[in-house]
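Novice: Quick check, what structure comes out for this input:
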Amino acid sequence: MYTKKTGFSSADFDPKTFVTVPNLITMLRLIILPFILILLNKGYNIWAAILIIFCGLTDVLDGYFAKVLNQSTAIGKILDPVVDKIFYLTILVFLIFDRDFPLLAFIIIVALEFLILAGGYILILKYKIVPSSNVYGKIAVCLISFSVFLYIINIKFFKLNIIFELPLQKIILILSIIVLFLATLIYGFKAKIEIKKFKGERVK
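Specialist: Purely as a prediction, here's the structure:
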């Protein structure tokens, strides 16, 4: 167990800390994911959207219970973002083939998410530091979720041009990519600071 004071915490992977309330809530998203894909495939868009919204709430609840129950763990810090990425990227792949989700936007999102995961892997492997997500990362996830929701519901109004001849679907998508880019930059900046601290402590 550890308490988050800065943006990062020392890695301590105790298998006993895997089975916690926050981690079980996080894993619930992966359990629900196949049912969402089945509903989308069968055209039950509203039910699929409801489950996605519910999964979005679990993303808030796992963090809440981690703090309230003092069950914030190194495993949980890694599990939560990994599950988020698997969950949303899987749904985006479906939307590319079924709902005309922009392939370029998907590639950019994957590239940024890969940079974050790769950076986190290096921090854990080399410096034994577990990174925490920043506020911009959470906002980006919310915006991507909203964009996914708009593509799933597939209402004509969302496809009408609003600003700069762009529909609401694409406006939210572009905004989510911009915020995700900022989250990636901040993540890298914080990681650089933490690495300097780590090297400074070793010199002492």
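
Novice: next one: phi and psi at Pro167?
Specialist: Phi and psi for Pro167, reported as degrees, to the nearest 10, are phi -80, psi 160.

Novice: Any idea how many residues pack against it?
Specialist: Pro167 has 17 neighbours, counted by other C-beta atoms under 10 Å. To be clear about C-beta, it is placed using only N, CA and C from the backbone, and glycine gets the same treatment.

Novice: separation between it and Leu150?
Specialist: Distance, Pro167 to Leu150, using C-beta to C-beta, to the nearest Å: 9 Å.

Novice: cool, Val141 as well?
Specialist: Computed as C-beta to C-beta, the Val141 to Leu150 distance reads 15 Å.

Novice: Does anything pack onto the longest helix anywhere in the chain? Which helices or strands?
Specialist: The single longest helix within the chain, with elements called by DSSP state H, is helix 168-203. On a contact count with 3 or more C-beta pairs under 8 Å, 6 or more residues apart in numbering; DSSP states H and E, helix 168-203 meets strand 8-10, helix 103-127, strand 129-131, helix 135-153, strand 161-163.

Novice: quick one: which of the ones you listed has the weakest pLDDT on average?
Specialist: Note on the helices and strands packed on helix 168-203: lowest mean pLDDT is at strand 8-10, with a mean of 47.

Novice: From the chain's centroid, how far away is the helix or strand just after it?
Specialist: Next helix or strand after strand 8-10 toward the C-terminus (DSSP states H and E): helix 21-41. Centre-to-centre, helix 21-41 and its host chain are 14 Å apart (C-alpha atoms, centre = their mean, to the nearest Å).

Novice: Just confirm Ser72 is within a strand.
Specialist: No: counting by DSSP: H, G, I helix; E, B strand; the rest coil, Ser72 is not found in a strand; it is coil.

Novice: how close does the residue nearest to it when sequence neighbours are not counted sit to Thr73?
Specialist: Nearest residue to Ser72, sequence neighbours excluded (C-beta to C-beta, 6 or more residues apart in numbering): Ala66, at 4.4 Å. Using C-beta to C-beta, we find Ala66 at a distance of 8 Å from Thr73.

Novice: So for these two, which residues contact both of them?
Specialist: Taking C-beta atoms under 8 Å, 6 or more residues apart in numbering as the criterion, Ala66 and Thr73 both touch 20, 22.
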